[in-house]
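1. next comes the sequence, and after it the predicted model I'd like to discuss.
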Amino acid sequence: MASSEFHDFQRRMAAMPSAPPAASIVELRARIEAAMAPLPLADGVVAENLELDGVPAVLCQMADSSPDDPWFLYFHGGGYRICSAQSYKAHGSQLARACKSKVLLVDYRLAPEHPFPAAVEDTLVAYRWLLRSGVPAKNVVVGGDSAGGGLTAAFLLAARDEGEPLPAGGLCLSGWLDLTNSSPSFQRNAETDLLFSAAIASEASLQYLQGQDPRNPWVSPVYGDWSGMCPLLIICGGTEVLEDDSARLAAAARDAGVEVQHKVYPEMPHVWQTHYPAFPEAIAAVEQMATFIRSVTAEKS
């Protein structure tokens, strides 16, 4: 069952007066940045702005981190249109502390200014930067939430297709994994998902694709060939419209012989994991992530 704390939080948020709609995507991004970028870091974590061969990023790590700590290459959510590494800095710091990892938040290019495949290209640049910096692939886990969860899966297919060594594992949180937006849960959970919807997904996919094929596996990884892939942890909530995207990816990967953990948290909404450590279910999800990161990097050390 979902915690009463989380439902109370949702009710308070729903009762708050809403701001006037943003006049443009640029204004919306600025609002998000102003609200989220100044949030405090987790205790003991430091953040550093980096340039990864032209791709901006933020590195969050414990002040006393070890060179042997795993690297968590993280792709933020936002429908490929909004949010940034800066707006996710506080969340990245919480993950760095909880997962005992160096969390590298990638500021991939956004649509509509930079449609597909710009975001996928930037993930490959960031990963190659890590490898050239001397970080072994076996010490890297790649993950993200929402569009970033879809981008994680797209990156894994692209890295394999491009002949790069695969990371130790991939972690998809509430992933948007099929940009045809045809999963039955779009209808089944339409009334319970307050953050994402078929209308939002349709608009965002049009801006990201700009006429390109939504069934391209680097766009919609549920249509990809998952043979030979690294282990996956796929986490979603039972009330979100993307619930079936996660189930379909898990099935496709398992059918290809991939080691998959697929966990559905009943009654949890879209990207509740980013509310860590405010609610028990967010804590449980992040602890599951931490266990996964430790296990897949230890197996290959």
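-> Right, received. Where do you want to start?

2. only C-alpha atoms for contact and neighbour calcs from this point on.
-> OK.

3. low-scoring stretches of the stretch 201-301 of the chain, by residue?
-> 299-301 (pLDDT under 70).

4. equivalent analysis for the stretch 1-150 of the chain, please.
-> Checking the stretch 1-150 of the chain against pLDDT under 70 turns up 1-19.

5. what segments of this structure are strands?
-> 45-52, 55-62, 71-75, 102-106, 140-145, 169-173, 232-237, 260-265 (DSSP state E).

6. so which of these is nearest residue 30?
-> Closest to residue 30 of the strands of the chain is strand 55-62 (Cα to Cα; 17.0 Å).

7. follow-up on the earlier one: would you list the strands of the chain in a markdown table and tack on mean neighbour count and distance to residue 153?
-> Formatted as a markdown table, the strands of the chain follow (neighbours: other Cα atoms under 10 Å; distance: least, Cα to Cα, whole Å):
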| stretch | mean neighbour count | distance to residue 153 |
| --- | --- | --- |
| strand 45-52 | 16 | 21 |
| strand 55-62 | 22 | 19 |
| strand 71-75 | 28 | 11 |
| strand 102-106 | 29 | 15 |
| strand 140-145 | 28 | 8 |
| strand 169-173 | 28 | 7 |
| strand 232-237 | 25 | 9 |
| strand 260-265 | 17 | 13 |
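
8. need these in TSV with distance to residue 272, can you?
-> Formatted as TSV, these follow (distance: least, Cα to Cα, whole Å):
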stretch	distance to residue 272
strand 45-52	22
strand 55-62	21
strand 71-75	16
strand 102-106	18
strand 140-145	10
strand 169-173	9
strand 232-237	8
strand 260-265	10
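
9. from residue 88, how far off is residue 38?
-> Distance, residue 38 to residue 88, by Cα to Cα, to the nearest Å: 10 Å.

10. go on, residue 114?
-> When residue 114 is compared with residue 88 (using Cα to Cα), they lie 20 Å apart.

11. then residue 143?
-> 13 Å.

12. coming back round to it: look at residue 114 and residue 88 and report which has more neighbours.
-> The neighbour count for residue 114 versus residue 88, taken as other Cα atoms under 10 Å, is higher for residue 88 (23 against 17).
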